[in-house]
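[1] Compute the structure for the input listed below.
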Amino acid sequence: MHVVCLAVFLTGVDALSLVLCGVLYFVRMFGITAGYHRYFAHRSYKTSRVFQFVLAWLGGAAAQKGPLWWAAHHRHHHRYSDTPQDVHSPIVRNFFWAHVGWVMSNRYMATDTHAIRDFARYPELRWIDRHHWVPPFSMAMLCLLIGGWSGLIVGFFISTVLLYHAVFCINSLAHVFGRRRYATTDESRNSFLLALLTLGEGWHNNHHHYQSSANQGFFWWEIDISYYIIKGLEKCRLVWDVRTPPVHKLVPTAEAKPAAAAMLPTPEPKPVA
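    Prediction:
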């Protein structure tokens, strides 16, 4: 995907391809954040079976495999966040592994249907999960029809690579840089910049503090575009039972020792002379 982007030097860039790039980045980021993450992984709101399929297709168009695979791995991440069992912890392993290394590893190709039994019972979702190449391929062909070769390279491939790294930054950067409001047992952190790039996912410490919330920006100044759209969909009655944190959960908590750090051996005290 990265190498194909170099074809932009052959196709050039025009206004239409840039518009396609921006629109596809935004729409597919919403498919990942509101669909794959907040709906399939955390069930932070409810929707119909038809719109559930739409969310799965939009998320799948981002070329980050199927909704069942994505959500199952994410649930595993929350269960073991920043411990040796975590699939992509930059604290336990390293930054490169957390960002892209685990994605490129053959070790995590399979979908753990046991971890996602609630959604694995839908045959249409299992179909998308098995044929996860269909949504991005159809999106790529649409870009080619609309914008020609420039539309394909800039509109689809470059926006897809930008999507990759924005989403992957939540696994890597959001556990290394930023502020901690809540004493979670991991190193999750809040970042305004990452929140802008990912439509609200950058409020990562908030999310690890109360995972089932549809909003990750807990306060009015914490921009969370995915949540604003979810609320708009709620007004249109496309989604319902949108979950938010109770008031007592919004109170900042004292710092806690991260789980990964807690497992490190405590140095023996030096003898007093």
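
[2] what ranges do the helices span in the stretch 51-200 of the chain?
    67-79, 95-96, 102-104, 117-120, 123-130, 134-150, 159-171, 192-197 (DSSP state H, counting those that start in this stretch).

[3] Enumerate residues external to the fourth one that contact any of its residues.
    Contacts made with helix 117-120 from outside it, assessed by CB atoms under 8 Å, 6 or more residues apart in numbering, are listed as F40, R43, P67, L68, A71, T113, L125, R126. Where you see a C-beta, it was placed from the backbone N, CA and C, and this is true even at glycine.

[4] So the last one is in contact with L68, correct?
    Yes. Under the criterion of CB atoms under 8 Å, R126 lies in contact with L68, with a separation of 6.9 Å.

[5] Mind jotting down where the strands sit in the stretch 151-273 of the chain?
    With DSSP state E, counting those that start in this stretch as the criterion, the stretch 151-273 of the chain has strands at 239-240.

[6] Give me the below-cutoff pLDDT ranges for it.
    Within the stretch 151-273 of the chain, the stretches with pLDDT under 70 are 254-273.

[7] Where does pLDDT dip in the stretch 1-150 of the chain?
    For the stretch 1-150 of the chain, no range has pLDDT under 70.

[8] What count of nearby residues applies to A214?
    23 (other CB atoms under 10 Å).

[9] same thing with the one 5 residues further on?
    The local packing count at F219 equals 11, with neighbours defined by other CB under 10 Å.

[10] Tell me the spacing between it and L250.
    8 Å (CB to CB, to the nearest Å).

[11] Name the residues of stretch 239-258 that are buried.
    Judged by neighbour count using 16 or more other CB atoms under 10 Å, the buried positions of stretch 239-258 are V239, V242, R243, T244, P245, P258.

[12] what's the answer for stretch 163-171, then?
    L163, Y164, A166, V167, F168, C169, I170, N171.

[13] who touches it?
    1, 25, 28-29, 32, 62-64, 77, 88, 90, 98-100, 103, 194, 197-198, 201-202, 204.

[14] Now, of those, which are buried?
    Buried among these by 16+ other CB under 10 Å: 25, 28-29, 32, 62-64, 77, 88, 90, 98-100, 103, 194, 197-198, 201-202, 204.

[15] Contact partners for H132?
    If you count contacts by CB under 8 Å, 6+ apart, then H132 has G60, K65, G66, W69 around it.

[16] Would you mind checking the residues you listed for buried ones?
    Here, 16+ other CB under 10 Å leaves G60, K65, G66, W69 buried among these.

[17] Kindly provide the distance from the nearest residue to the last one once chain neighbours are set aside to A41.
    I take that to be W69. Closest residue to W69 apart from its sequence neighbours, by CB to CB, 6 or more residues apart in numbering: T111 at 4.3 Å. Distance of T111 to A41, computed by CB to CB: 13 Å.

[18] got it, and I128?
    15 Å.

[19] what's the answer for S159, then?
    23 Å.

[20] Those two: who's more crowded?
    Taking neighbours as other CB under 10 Å, S159 and A41 compare with S159 leading, 26 against 22.

[21] if I pick that one, what's in contact with it?
    S159 neighbours (CB under 8 Å, 6+ apart): L20, C21, G22, L24, Y25, R28.

[22] So E201 is in contact with Q216, correct?
    Yes. E201 lies in contact with Q216 (CB under 8 Å); the separation is 6.4 Å.

[23] Touching both of these two, which residues are there?
    A195, H207, S226.

[24] What subset of those is buried?
    A195, H207, S226.

[25] Out of the residues you listed, the closest to H175 would be?
    Nearest to H175 among the buried ones among the shared contacts of E201 and Q216 is H207, at 11.7 Å by CB to CB.

[26] nearest spatial neighbour of the closest one, skipping sequence neighbours?
    Q216 (4.7 Å).
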